[in-house]
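Novice: Just the structure for this:
(2 chains, ligands or ions: 1)
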Amino acid sequence: MRHLLGIAGWRRDELEALLDRAQAHLPGGPDASHVLRGRVVANLFFEDSTRTRSSFEVAARKLGADVLNWSYAGSSVSKGETLLDTARNIEAMGPAAIIIRHRSSGAPSLVARHVKCAVVNAGDGAHEHPSQALLDAFTLRQRWGALEGRTVLIVGDVLHSRVARSNLVCLKALGARVVLCGPPTLLPPGLEEMGGEVTHQLDAVLPQADAVMCLRLQTERMSEAFLPSQREYSRLFGLTPARAERMKPDAPVLHPGPINRGVELSPAVADGPRSVILDQVANGVAVRRAILEVCAS
Amino acid sequence: MTTVLFQRARVIDPRNGVDGVRDVLVTDGKVARVSDAPLPAPTDARVVDATGKWLVPGFIDLHVHLREPGEEGKETVLTGCRAAVAGGFTGVVAMPNTKVVNDTALVTELVLSRARDAALCHVYPAGAITKGLKGEELSEAGELIGAGCVALTDDGRPVMNAALMRRVLQYATQFDVPVMVHEEDLTLSAGGAMHEGATSTRLGLRGIPASAEVAMVARDLVLLEETKGRLHVAHVSCEGSVRLIREAKRRGLRVTCEVAPHHFTLDDRAVGDYDTHAKMAPPLRSDVDVRALREALVDGTVDAIATDHAPHGVSDKLVEFEKGINGIVGLETALGLTLALVHEGVLTPRRAVELLSEGPARVFGLPGGHLAPGAPADITVVSPGEEWTVDAHRFYSRSRNTPFHGRTLKGRVAQTWVGGRCVFEDGQLKESR
Ligand SMILES: [Zn+2]
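Specialist: Predicted coordinates:
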């Protein structure tokens, strides 16, 4: 048993081994329904995310586990129960793993310090979203064989993005070069110390990218004055067909979803030949099966 | 009152320029003689062999939250005084942000009466600048000071309204008390949980930029210059602030400031894996800021070391980092953390003592802070080389929230004397009640 609280702390060979294991969980792979048979996997979601929750649920069921879905809506949390109280109550039901999504950075690591079962971070605040980074790396590896020496461009709201942080750490660990691009108000200090390169000139870096990863833009960023408008954002940082022309011919476009069509991505690009967004979703199940196998069994 | 003779102590008394082995005679609660020749012991005297120890003016903490009235589960005047004397403090300034705010003489009197009952150390209440700390109307400063308040502060929150801040600086000049400020521009710190920097980025926590403090220091120095008032900047945490204060002092403005031991000891990396014991306001800053604070402690920009002793319950800290309450207890670790700077060669022993006793007494115009004949016999005896390991469970404070649990410190309080009476000795309280 071990936790997956973030990509940080995992060695390259461990990450590679996990991705190799995910390979075996692709459709058509050997039957794995015995791996967690009779065990319980608890989904503890304090924030809505049908996409991630469903993906973990499908992954757990394919390993033979029973899934306990707990959501904060209407729960005792609204009656003042603390995160640790909730986690300990779930733990008392004997799960092999608790998968936790929370709006506060560090919530899974707090839980991990106080429960005995494995804790898998399904996204915490603006900290990490490790399973997303692993499925992104898996998707790129599927195309390239290896990430060593490749340049991945991450575009958008890095400040609030756990996907960006996890990907930065993961891609660096696997040998890729990572360039982060966005408006200065949405690129926090210290990204270079984490191994990233920072730019605000999308058109200048697009031709260097072997892959472009767009981040979701939360509409409330406008009201918080990080940006003047969505319109200006998409004009400066939106991936339009014209911009996509500047990319390397075979460079894929990734997006963690859900997409704001016409903001981060033009529909023509989102649905076009470069898009690997649906591959990401499909690979997500295989990667999460591998994660649960490593952490919960 | 007993007579006490301290023999062969290393007396460090910055105000009177003393640093050397002396005998000190205390009678009637006051210092009677400080002599470099051995003094004969009067017949009824208690004789204390202080060989190898430092005998210094009792420490004064300008910034302590005693939580009474209102949050007695975290601390009371009594338990706070116990923690104070265990930390070598003979006087503490009690912040007014209790759950009934100290904005009237009634609350001031309550705190003073609890302090009299505790009968351990001096408690000097600070009164609120604004009624209910709301930042709207001035509280009746004259009444508060008449009842015993030694400073005005809305600590815990800034005075965001610049016009109001200007007025209180003006108004307080008639009483000649310092206006103590918690400098934080709330529009810059909003939503922040720790210092903005590489660590906040890595942890995905919203940062509080240094400018949240520095911009307010700058504003208040501008207001100070116009009003000719007295400004005391609480818990200075960053390089930009000390630079502005240093420059203002050079220009002759009446500004003073304090730094907390955690701010000169730890940087933002102490948050580590979301450790809420490293969560405070202002937050732990960068290593560059820590170095700047240390320089400012050395060069005289900083007037006092003050702990910002902020007791909280276990459940206040056992939560998500963003939800964790700010603050740590500080009274019982202040000496050890300050002496760490002496052992590292950053501060001289004399400067360390100055920052803990003479400086704070001078800044707030409090009695004590020196050992000339006639001074109150508020004395701290220090074993400077004694190593000990911080065990929060053994604190005299009612709360245990500290990031220093388990840390080994060198330098410990051997005895604390208040008004010629021994109140703490060899790890034990000496309570008269
Ligand atoms: Zn404060």
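
Novice: going forward, measure contacts between C-alpha atoms and count neighbours the same way
Specialist: Noted.

Novice: what number of residues lie near residue 252?
Specialist: No chain specified, so I'll use chain A. 22 (other CA atoms under 10 Å in any protein chain shown).

Novice: look at chain B instead
Specialist: If we define neighbours as other CA under 10 Å, then residue B:252 has 9 of them.

Novice: Find me the pLDDT at it, would you?
Specialist: Looking at residue B:252, its pLDDT reads 98.

Novice: Check which helix or strand residue B:307 maps to.
Specialist: For residue B:307, there is no enclosing helix or strand under DSSP states H and E.

Novice: and if you look at residue B:400?
Specialist: Residue B:400 belongs to no helix or strand, assigned by DSSP H and E.

Novice: gap between the closest residue to it other than its chain neighbours and chain A?
Specialist: Distances taken as CA to CA, 6 or more residues apart in numbering or on different chains put residue B:392 closest to residue B:400, at 5.2 Å, once the chain neighbours are dropped. Per CA to the nearest CA, to the nearest Å, residue B:392 is found 20 Å from chain A.

Novice: what's the neighbour count on residue B:392?
Specialist: Neighbour tally, residue B:392, other CA under 10 Å: 19.

Novice: Below-threshold pLDDT in chain B: ranges please.
Specialist: Within chain B, the stretches with pLDDT under 70 are B:1, B:432-433.

Novice: Which parts of it are helices?
Specialist: Using DSSP state H, the helices assigned to chain B run over residues B:77-86, B:105-118, B:141-147, B:162-172, B:186-189, B:198-203, B:211-227, B:239-250, B:261-265, B:287-299, B:314-317, B:334-343, B:349-353, B:359-364.

Novice: returning to what we had before: could you measure from the residue nearest to residue B:400 over to residue B:319?
Specialist: Distance check for residue B:392 against residue B:319: by CA to CA, to the nearest Å, it reads 19 Å.

Novice: circling back to that earlier point, now render the helices of chain B as a markdown table, adding mean neighbour count and distance to the ion.
Specialist: Compiled in a markdown table, the helices of chain B are given as follows (neighbours: other CA atoms under 10 Å in any protein chain shown; distance: least, CA to the ion, whole Å):
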| stretch | mean neighbour count | distance to the ion |
| --- | --- | --- |
| helix B:77-86 | 27 | 18 |
| helix B:105-118 | 18 | 19 |
| helix B:141-147 | 19 | 20 |
| helix B:162-172 | 18 | 16 |
| helix B:186-189 | 16 | 13 |
| helix B:198-203 | 23 | 21 |
| helix B:211-227 | 19 | 11 |
| helix B:239-250 | 19 | 15 |
| helix B:261-265 | 24 | 13 |
| helix B:287-299 | 19 | 17 |
| helix B:314-317 | 14 | 18 |
| helix B:334-343 | 22 | 17 |
| helix B:349-353 | 22 | 23 |
| helix B:359-364 | 23 | 17 |
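
Novice: Any chance of those helices in a markdown table with distance to residue A:67 as columns?
Specialist: Conversion of the helices of chain B to a markdown table gives the following (distance: least, CA to CA, whole Å):
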| stretch | distance to residue A:67 |
| --- | --- |
| helix B:77-86 | 50 |
| helix B:105-118 | 56 |
| helix B:141-147 | 62 |
| helix B:162-172 | 57 |
| helix B:186-189 | 41 |
| helix B:198-203 | 29 |
| helix B:211-227 | 46 |
| helix B:239-250 | 52 |
| helix B:261-265 | 45 |
| helix B:287-299 | 46 |
| helix B:314-317 | 31 |
| helix B:334-343 | 50 |
| helix B:349-353 | 60 |
| helix B:359-364 | 61 |
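
Novice: So what sits opposite the nearest residue in space to residue A:5 that is not next to it in sequence in the bridge?
Specialist: Using CA to CA, 6+ apart and skipping the chain neighbours, the partner closest in space to residue A:5 is residue A:121 (4.9 Å). Taking DSSP bridges as the rule, residue A:121 bridges to residue A:100.

Novice: Quick check: residue A:121 touching residue A:104?
Specialist: No. Applying CA atoms under 8 Å as the test, residue A:121 and residue A:104 come out as separate, 11.6 Å apart.

Novice: Contact partners for residue B:282?
Specialist: B:184, B:213, B:235, B:236, B:237 (CA atoms under 8 Å, 6 or more residues apart in numbering or on different chains).

Novice: And the helices of chain B: which comes nearest residue A:60?
Specialist: Closest to residue A:60 of those, according to CA to CA: helix B:198-203, at 28.2 Å.
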